[in-house]
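J.: The following block contains a protein sequence and its predicted model.
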Amino acid sequence: MTNEAKAEKEVTVEDKLKALYHLQQVVSDIDKIRVLRGELPLEVRDLEDEILGLQTRLENYAADITTQEANISAMRVKIEEAKIKIAKYKEQQENVRNSREYDNLSKEIEYQTLEIELCEKRIREYTAALEQKQADKAQTITSMEERRLDLNQKKSELDEIVAETKQEEENLREKAKQIESTVEDERLLNAFKRIRKNARNGLAVVTVERGACGGCFNKIPAQRQLDIRSRKKVIVCEYCGRILVDPEMNENNTPEA
């Protein structure tokens, strides 16, 4: 390859800056589409997480209800067993040979009677807990149905916006990829993406307007302004770290495909 051909193929710093500035304009247009969607994606995700949490809560209520029902059944079984023992002890009292045996049987009857009272108390407690869990479960089901209605509405709104902007966003993303390929400087491109990610408004490349950074609006020294206008090296704002470019790039900044 001749030196002349190499020169034609070489991408200058000015070319890279123009490409980055144009790339910034394209990704900013993508950002505008995201702004149009607003908080809907986050709201949809939050509602999905909330419904998942409510579903888990329902499963826990179901397990608690099963436990309380089992506890109540166990207490009823114990009551029936105690009643059988009481009937047996009373029958035995009719055939005792002395007062000592009679007293021992009386104590057993008294003990089983207390067992019945304790089981009945437990049944009341378990029943109250069961009713509360059932009420909580019903309320959770209602809440989940409401959240599902909200989710369906939010998804419908989001789908409508996405449908309206999908083609435009895809075109912009494809355009951004094409511009990235013209930069031919991986480190510079990675720096652009890093700055953009850290910038609140997504601006990684800004022009110098009236001697100030177009991102943070701090004054740029005169010599640095001359360097920026020369377009011979990449210069970043010493305050906000954004890449600074000559405002005249606004007039003709589209790199050739």
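T.: Arrived safely.
J.: ok, the closest residue to residue 115 other than its chain neighbours to residue 76 distance?
T.: Nearest residue to residue 115, sequence neighbours excluded (CB to CB, 6 or more residues apart in numbering): residue 82, at 4.7 Å. To be clear about C-beta, it is placed using only N, CA and C from the backbone, and glycine gets the same treatment. Distance of residue 82 to residue 76, given as CB to CB, to the nearest Å: 11 Å.
J.: Show me whatever sits in contact with both of those two.
T.: residue 119 (CB atoms under 8 Å, 6 or more residues apart in numbering).
J.: average pLDDT for the helix or strand harbouring residue 42?
T.: Secondary structure from DSSP states H and E places residue 42 in helix 40-93. Averaging pLDDT along helix 40-93 yields 96.
J.: next SSE after it?
T.: Next along the chain from helix 40-93, counting by DSSP H and E, comes helix 99-183.
J.: Only the buried residues of stretch 36-53, if you could.
T.: 40, 43, 44, 47, 51 (16 or more other CB atoms under 10 Å).
J.: Run through who's touching it.
T.: Against stretch 36-53 from outside (CB under 8 Å, 6+ apart): 144, 147, 148, 150, 151, 154, 155, 157, 158, 161, 162, 165.
J.: The same query, at a cut-off of 6 Å, please.
T.: The contact list for stretch 36-53, computed with CB atoms under 6 Å, 6 or more residues apart in numbering, reads 147, 150, 151, 154, 155, 158, 161.
J.: before we move on, the earlier item: give me the distance from the helix holding residue 42 to the chain's centre.
T.: The chain centre lies 33 Å from the centre of helix 40-93; the measure is CA atoms, centre = their mean, to the nearest Å.
J.: what inclination does it have with respect to helix 99-183?
T.: Helix 40-93 and helix 99-183 meet at an angle of 170 degrees, taking axes from the mean of the first three to the mean of the last three CA atoms, to 10 degrees as the criterion.
J.: which secondary structure elements does the strand or helix carrying residue 187 contact?
T.: Using DSSP H and E, residue 187 falls within helix 186-198. In this structure, helix 186-198 packs against no helix or strand, with contacts taken as 3 or more CB pairs under 6 Å, 6 or more residues apart in numbering; DSSP states H and E.
J.: and the helix or strand following that helix, which strands flank it?
T.: Counting by DSSP H and E, the next helix or strand C-terminal to helix 186-198 is strand 205-209. Strand pairing for strand 205-209, using DSSP bridges, gives strand 212-213 (antiparallel), strand 243-245 (parallel).
J.: Mean neighbour count, mean pLDDT and distance to residue 98 for those - can I get that in JSON lines?
T.: Output for the strands paired with strand 205-209, formatted as JSON lines (neighbours: other CB atoms under 10 Å; pLDDT from 0 to 100; distance: least, CB to CB, whole Å):
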{"stretch": "strand 212-213", "mean neighbour count": "18", "mean pLDDT": "94", "distance to residue 98": "109"}
{"stretch": "strand 243-245", "mean neighbour count": "24", "mean pLDDT": "95", "distance to residue 98": "108"}
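J.: Residue 62 is nearest to which of those strands?
T.: strand 243-245 (57.9 Å; CB to CB).
J.: Tell me the gap between the closest one and the middle of its chain.
T.: Computed by CA atoms, centre = their mean, the chain-centroid distance of strand 243-245 equals 35 Å.
J.: Identify the residue spatially nearest to residue 90, adjacent ones excluded.
T.: Leaving aside its chain neighbours, residue 90 sits nearest to residue 109 (6.6 Å; criterion: CB to CB, 6+ apart).
J.: What about the one you found, how many residues nearby?
T.: The number of residues packed around residue 109, counting by other CB atoms under 10 Å, is 19.
J.: For it, give me the pLDDT.
T.: Value for residue 109, per-residue pLDDT: 96.
J.: And for residue 7?
T.: So residue 7 comes in at 46 (pLDDT).
J.: Run a quick check on the residue nearest to residue 115 versus residue 114, I expect a contact.
T.: No: taking contacts as CB atoms under 6 Å, residue 82 lies outside contact range of residue 114: 9.0 Å.
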